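Visitor: quick one, fold the following:
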Amino acid sequence: MKLIFKPLTYISIVALALFACNSDDSVSDDSVIDDTNDDDEVAVTELHAAFSAFNSNAVTVILSDDGTQVNIETTGFPDHTSIYWETDNALYIDEPGVTKTTQDTYIGGGQGEAASFTVDATPNLTGASVTTQLNTIGIAVSGASIFNDQEGMGDLDQAAGSLDWAGAHKGPGVYHYHLEPTPITSDDDSLVGILLDGVFIYGRQCSSTGANPTDLDASGGHTSTTQYTNGVEEYHYHIINEVYPASNYAYAPAYVLFAGPFQGY
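Guide: Numbering: from 1, shown residues only. A predicted model of the protein is given here:
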């Protein structure tokens, strides 16, 4: 029997990472560990409580029958305003400082906007770190994709002028964030999303201290409690509190969302 956090709204999903996909019908504050799995993988009986923060109109989360993996799927449509919506959409706003990637590119335009990947229910932090690649590296709570700090084969600077107030653009595939997504978080401890290695990423502050953490590793990660772990410490990422020097970005200051490397493979 499979647990579906929200019924799937779009079927055409682009697979962006490999792995496989249950449980009862609730999301709890602390997942129960089961060490008896035949494959020696750490299994859980319930989805992580952080998944309750995701936009249920866009994101579907399914726990595998054996409790070892989680499949995350999204329509790719964010739940906030942007110049990248079509002009007759209620979420469209005019942003005079933004130079759109193309005038005919808009959210909901049907060009490969869905995304999907499967992660370990409990991230494996014992292996080597892995460099981020181009394309989707995570899914934000809004339903949109997360990208790293590169654009095409170069630095983000070349496309900074096309980023909207949310630090995102569409060009021409998925609408995706490169910078701190201000509709989700702005120098606070809000959950931003989950990355390809199964590790959650939060805003620039940590809920355990109410301040910007000073003990982050090279990936912007550390181990502490979060608002979703019921007092249990857990490894997670933060948006690193460093201004990104993009002078042609329409809004300031700008903070890169995640540059990597991943730690949870």
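Visitor: mean pLDDT per helix and strand in the protein: which one sits at the bottom?
Guide: strand 33-34 (a mean of 36; mean pLDDT, DSSP states H and E).
Visitor: what about the closest residue in space to Gly97 that isn't next to it in sequence, distance to Val256?
Guide: Distances taken as C-beta to C-beta, 6 or more residues apart in numbering put Ala250 closest to Gly97, at 3.6 Å, once the chain neighbours are dropped. Bear in mind the C-beta positions are built from the backbone N, C-alpha and C, glycine included. Applying C-beta to C-beta, to the nearest Å, the value for Ala250 to Val256 is 16 Å.
Visitor: and if you look at Val130?
Guide: 18 Å.
Visitor: ok, the two, which is more surrounded?
Guide: Ranked by neighbour count (other C-beta atoms under 10 Å), Val130 and Val256 place Val256 first, with 20 against 14.
Visitor: quick check, the more buried one in contact with Pro181.
Guide: No. Between Val256 and Pro181 there is no contact under C-beta atoms under 8 Å: 11.5 Å.
Visitor: tell me the contacts of the closest residue in space to Phe54 that isn't next to it in sequence?
Guide: Distances taken as C-beta to C-beta, 6+ apart place Val141 nearest to Phe54, at 4.8 Å, with adjacent residues excluded. Contacts for Val141 (C-beta atoms under 8 Å, 6 or more residues apart in numbering) come out as Ala53, Phe54, Asn55, Val59, Ile184, Leu191, Val192, Gly193.
Visitor: for Leu134, the count of nearby residues, please.
Guide: 11.
Visitor: would you mind giving the secondary structure of it?
Guide: Counting by DSSP: H, G, I helix; E, B strand; the rest coil, the backbone at Leu134 sits in coil.
Visitor: what does Val192 give?
Guide: Counting by three-state DSSP, the backbone at Val192 sits in strand.
Visitor: what pLDDT does the model give it?
Guide: On the pLDDT scale, Val192 is placed at 98.
Visitor: quick one, what contacts it?
Guide: Ala140, Val141, Ile146, Pro181, Ile184, Thr185, Phe200, Ile201, Tyr202, Gly203, Ile239, Leu257.
Visitor: now Asp164
Guide: Here Asp164 is in contact with Ser82, Ile83, Tyr84, Glu95, Val98, Ala250 (criterion: C-beta under 8 Å, 6+ apart).
Visitor: quick one: the strands in the stretch 101-250 of the chain?
Guide: 115-120, 138-140, 145-146, 150-151, 154-155, 168-170, 175-177, 191-195, 200-202, 221-224, 234-238 (DSSP state E, counting those that start in this stretch).
Visitor: can you tell me which of those the model trusts least?
Guide: Minimum mean pLDDT among the strands of the stretch 101-250 of the chain: strand 154-155, a mean of 77.
Visitor: now Ala254: how far from Ser142?
Guide: Ala254 is 18 Å from Ser142, by C-beta to C-beta.
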